[in-house]
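> Sequence and predicted structure below; questions after.
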Amino acid sequence: MSERIELTIFKSLIHNEDFARKVLPFLKEDYFQNRIEKVLYSEVEKFVRQYNNLPNKESLLIELSNRRDINEEEYKNIQTLLNSLPEENTDQTWLLNTTEKFCKDRAVHNAILNGIKILDGKDKQHSPEAIPSILTEALSVSFDKSVGHDYLEDSEKRFDWYHKKEDRIQFDLKYFNKITKGGIPNKTLNIILAGTGIGKSLFMCHLASSILSQGKNVLYITLEMAEERIAERIDANLLNVPISELYQMPKVMYNTKIKSLENRLNGKLIIKEYPTASAHSGHFRSLLDELALKKSYKPDIIFIDYLNICSSSRFKAGSNTNSYTIIKSIAEELRGLAVEFDLPIVSATQTTRTGFVSTDIGLEDTSESFGLPATADFMFALISSEELEQLGQIRVKQLKNRYNDPTMNKSFVIGVDRSKMRLYDVEDSAQTLVNTNLQSTKTEIKQIEEVKESSDPYDRFSDFN
């Protein structure tokens, strides 16, 4: 069967232009088993690339006769192979499907052989850690028939897309659903910006608890706190118990609450801890593969606490690469992971020192790398002050939003119960108050700046006149 499909592929590459143009971008010389087939394929591929047309048997034989790397016997074998190509017409759909299967089978076969070479030490360029990615790449081989969106011809598809309801993971906070048009879409990277101790982990733990309560699977990866510390915060949230009381709770009561929670929840939460700065997207990809294999578990969302203390798969630890490049690389790798597994990723980053004391954080206050906000799909800041702490509130400010107009509900407040690691909606009057106070503060700053600009620069020396 294998030999037959290879002959059919060669026949179609020479006589079927539509087939050739669809499969040549995906065929590889390595997919053919013996040297004769490899040489013939390389000549076909080179001819099409150079002349933008299909070769015939005669042109191939002429080109082959000019090669110095094949002997007379090999030339005769190729001539025999060309003469033996079948002449009958083949169903186009069957041919494309069968050729795609051939490519997949050969890609997996080659990947396994390469893995054996790595394990035997014959491949000096790759380590055993590269084997999963090699196999993943082989398993993902497919004929992508799309070559782009034709604006006029695909207008019907575009109209359907406009009216298709996109899968989103909803918040349990009203204003977050407003600014995201109903929640977080898949294949996105979402970033929380805040100073130390403001509530980045609190926000992620609350959101993880909320999404788990919706019956969805949640994966929480922590590089900062221990797995038990994250579970403790989620316990406080879901069991509606202050953290301090968890330590005094009798075991019977705790087990009863957990059992009641188990009956209500349809989703599953997995918390995985990695040492700080030791894990990158490759480790997370392996974890997802392992969870799928061992637990038949596929998360609907991933939380990574937090981005700046991940490592990059593209840059070695201790290299002289600057922080801008490293953080941007980590962000790009995590967003690529979100696209690959068709889910959203939520993470966080720190503010700069000036941003930590600022009451109006902006994108410029992102620490280490401005490449992070350039890569993120949705980014917002969590801002606190003494007044907000007394009210039990945190101010949220949109910094970047690919889901909606970021100028709408640019800033708003949410309630926070730190003892139970919970966030909640506040009354609409609180939103009016915070926007009024914010506008007043901006007006005061503007007035001060105008006074400074209009004042005589020599007034400060007036006492010496």
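Perfect, thanks for sending it.

> Any idea how many residues pack against Gln393?
Number of residues near Gln393 (other Cβ atoms under 10 Å) recorded here: 21. To be clear about C-beta, it is placed using only N, CA and C from the backbone, and glycine gets the same treatment.

> In this structure it contacts Asp417, no?
No - look at Gln393 against Asp417 with Cβ atoms under 8 Å: they stay out of range, at 10.6 Å.

> following the lengthiest strand in the chain, which helix or strand comes up?
For the chain, the strand that runs over the most residues, judged by DSSP state E, is strand 393-401. Sequence order places strand 411-417 as the next helix or strand after strand 393-401, per DSSP states H and E.

> What's the first helix or strand after that following strand?
Next element after strand 411-417 (DSSP H and E): strand 422-424.

> Each with direction, which strands does that next one pair with?
strand 411-417 (antiparallel) (DSSP bridges).

> Pull the distance from the strand it pairs with to the chain's centre.
28 Å (Cα atoms, centre = their mean, to the nearest Å).

> what's the answer for stretch 119-128, then?
29 Å.

> what about it, start to end distance?
6 Å (Cα to Cα, to the nearest Å).

> Let me see the contact set for Val346.
184, 190-192, 204, 207, 301-304 (Cβ atoms under 8 Å, 6 or more residues apart in numbering).

> Now render those as TSV, adding secondary structure, neighbour count and pLDDT.
Shown next, in TSV, are these (DSSP: H, G, I helix; E, B strand; the rest coil; neighbours: other Cβ atoms under 10 Å; pLDDT from 0 to 100):
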residue	secondary structure	neighbour count	pLDDT
Ile184	strand	24	95
Asn190	strand	25	97
Ile191	strand	26	95
Ile192	strand	25	95
Met204	helix	22	96
Leu207	helix	24	97
Ile301	strand	23	97
Ile302	strand	25	97
Phe303	strand	27	97
Ile304	strand	25	96
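
> Tell me the one among these nearest to Asp428.
Of all the contacts of Val346, Leu207 has the smallest distance to Asp428: 22.1 Å, by Cβ to Cβ.

> pretty sure the closest one is in contact with Gln170, am I right?
No - look at Leu207 against Gln170 with Cβ under 8 Å: they stay out of range, at 10.3 Å.

> what domains does the record give for this protein?
Following automatic domain parsing, the chain resolves into domains at 2-139, 168-448.

> For the protein, which residues score under the pLDDT cut-off?
Applying pLDDT under 70 to the chain flags residues 1-4, 144-147, 317-319, 355-358, 432-465.

> all helices of the stretch 101-250 of the chain, in order?
131-139, 155-162, 174-179, 200-213, 227-239, 243-246 (DSSP state H, counting those that start in this stretch).

> contact partners of the second one?
Under the criterion Cβ under 8 Å, 6+ apart, residues His149 lie in contact with helix 155-162.

> do the same with the third one
For helix 174-179, the surrounding residues in contact (Cβ under 8 Å, 6+ apart) are 170-171, 183, 396, 398, 401, 403-404, 406, 408-409, 412, 414, 425, 431.
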